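[1] Test case, fold it:
(chains A and B)
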Amino acid sequence: MARTIRVGIIGDYNPDFRFHTATNEALGHAAKALSVDVDFRWIATQSLDSKSARKTLERFDALWGSPGSPYRSMNGALQGIRFARERGWPFIGT
Amino acid sequence: MEYARNVLGIADAEHEESSPRSPTLVISKLTCSLVGKTQKIAITPGSIAHRAYGGKEVMEQFFCNYGLNPAFRDQINKSELKVTGVDSEGEVRVVELSDHPFYVATLFLPQVASSPGTPHPLIVSYLEAAVGFQTQRRN
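    Predicted coordinates:
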């Protein structure tokens, strides 16, 4: 069985926004190239503007700062990015 | 903005889109919009991006109107946040943290250029880093 990599995408998902769906698809393409499964979840920025943010973020193996500014909660988005920077989680911001 | 506020100590660092009247716009409106444009980016040898692409020059697609305010470039250069990709005018297009296992931010959208047959090299490298990180955390 292939390994499952959990990716948390920091952003307010909109299925009609093509850069959001492209993010999901690109993760699938990369996972296939590496012969792993990817389990990605979008993390709403407002949910990160809270004390439980760290627990949410720790569940993932990598974090992605999604396109689509302005975020609903800039503070929440910055909390997520800060966590990745300070704690050494793999991070890409696009 | 996160780096400017929490590392460089610019507590009031703002983004022009959300706070247009702020006096400290670390992210400001580009003089020329990049929406729909494709640019050639020069990648710094030895960087994460360079290892991912396996080359010094790449073409990437942009869809943004905002970028790093050039007024803060010097301050960024002296920090651990390194500029590792610039366009033909020398404008910042990729930054990375030099004291982090994998931390890359781009002004372009690599996900748009990915397809089932040609996954984007930067995203493959990112996911590879995630695989390594998961292994490391398990042990």
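[2] CA atoms only: put stretch B:106-123 into CSV for me.
    Extracted in CSV, the C-alpha atoms of stretch B:106-123 (Å, rounded to 0.1, in the frame of the first residue of the first chain):
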residue,chain,number,x,y,z
THR,B,106,6.6,32.1,-5.2
LEU,B,107,4.8,35.0,-6.9
PHE,B,108,3.9,32.8,-9.7
LEU,B,109,1.5,29.8,-9.5
PRO,B,110,3.3,26.5,-10.2
GLN,B,111,0.1,24.6,-9.7
VAL,B,112,-1.3,26.1,-12.9
ALA,B,113,1.5,24.6,-15.0
SER,B,114,1.1,21.1,-13.6
SER,B,115,-0.6,18.4,-15.6
PRO,B,116,-1.0,14.6,-15.1
GLY,B,117,1.9,13.9,-17.5
THR,B,118,4.1,16.8,-16.3
PRO,B,119,3.8,17.4,-12.5
HIS,B,120,5.5,20.6,-11.5
PRO,B,121,9.1,20.0,-10.3
LEU,B,122,8.7,22.5,-7.4
ILE,B,123,5.6,20.7,-6.2
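[3] So for residue A:1, what pLDDT did the model give?
    For residue A:1, the pLDDT comes out at 69.
[4] again, but for the one 10 residues further on
    Turning to residue A:11, the model gives it a pLDDT of 97.
[5] Same question for residue B:77.
    88.
[6] Provide the backbone phi and psi angles at it.
    phi -60, psi -30 (degrees, to the nearest 10).
[7] show me where the chain has helices.
    Unless you meant another one, I'm taking chain A. Listed in chain order, the helices of chain A (DSSP state H) span A:18-34, A:45-48, A:53-58, A:74-87.
[8] my question was about chain B
    Counting by DSSP H, the helices of chain B are B:2-6, B:48-53, B:73-77, B:121-138.
[9] circling back: tell me which of the helices of chain A lies nearest to residue A:65.
    Of all the helices of chain A, helix A:74-87 sits nearest to residue A:65, with 5.6 Å by C-beta to C-beta. Every residue, glycine included, has its C-beta placed from N, CA and C.
[10] quick one on the thing from earlier: among the helices of chain B, show the one with the smallest mean pLDDT.
    Among the helices of chain B, helix B:73-77 carries the lowest mean pLDDT, a mean of 92.
[11] what's in contact with that helix?
    Helix B:73-77 is touched from outside by B:3, B:8, B:10, B:68, B:83, B:92, B:95, with contacts defined as C-beta atoms under 8 Å, 6 or more residues apart in numbering or on different chains.
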